[in-house]
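# Structure here, sequence nowhere to be found:
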């Protein structure tokens, strides 16, 4: 993925669908819109983040994993206030955005089977 920092070292954001989104976005526009709407709805429905935050993140992840729009399972969802990340992800399956004071990272990363590990599990070394 391309660096989020320009030549000046300043991170660039743009406003899309009513939120600040890290640019460049590596996600289809339809997926991004649904990701933002889904996340916004779950955050608004949460009345106590400290006790219900983990459940909210799990619900968002389950929506991504089961909705055919997002291409299947293996999604990771991180919600917080101040964090950075450096992740490897499937092409066209990454977004980082702000809803009010919450920072949301959604990324899909399918595990790739290691041929040596697969052979070892089958009894071959």
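Nice, thanks for sending it over. On a predicted model such as this, the values are computed, not experimentally measured, just so you know. Residues are numbered from 1 along each chain as shown.
# what's the neighbour count on the closest residue to residue 33 other than its chain neighbours?
Nearest residue to residue 33, sequence neighbours excluded (CB to CB, 6 or more residues apart in numbering): residue 17, at 5.4 Å. From N, CA and C alone the C-beta is placed, and that goes for glycine too. Per other CB atoms under 10 Å, the neighbour tally for residue 17 reads 14.
# quick one, what contacts residue 17?
Contact analysis of residue 17 by CB atoms under 8 Å, 6 or more residues apart in numbering lists 32-33, 36-37.
# Those, buried ones only, as a ChimeraX selection?
Those of the contacts of residue 17 that count as buried under 16 or more other CB atoms under 10 Å are selected in ChimeraX with:
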select :32,36
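# export the contacts of residue 17 to a markdown table and tack on pLDDT?
Listed next are the contacts of residue 17 as a markdown table, based on pLDDT from 0 to 100:
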| residue | pLDDT |
| --- | --- |
| 32 | 95 |
| 33 | 96 |
| 36 | 96 |
| 37 | 97 |
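# and of the contacts of residue 17, the nearest to residue 78?
Relative to residue 78, the closest of the contacts of residue 17 is residue 36; by CB to CB it sits at 15.2 Å.
# Torsion angles phi and psi at residue 20?
Main-chain dihedrals, residue 20, degrees, to the nearest 10: phi -90, psi 120.
# Could you measure from it over to residue 84?
Residue 20 is 16 Å from residue 84, where distance means CB to CB, to the nearest Å.
# same check, this time on residue 51
Distance from residue 51 to residue 84, by CB to CB: 26 Å.
# before we move on, the earlier item: now, the contacts of residue 17 that are in helices?
32-33, 36-37 (DSSP state H).
# Tell me the predicted confidence for the residue lying closest to residue 102 once chain neighbours are set aside.
Using CB to CB, 6+ apart and skipping the chain neighbours, the partner closest in space to residue 102 is residue 79 (5.6 Å). Note on residue 79: pLDDT of 95.
# Many thanks, I have nothing further to ask.
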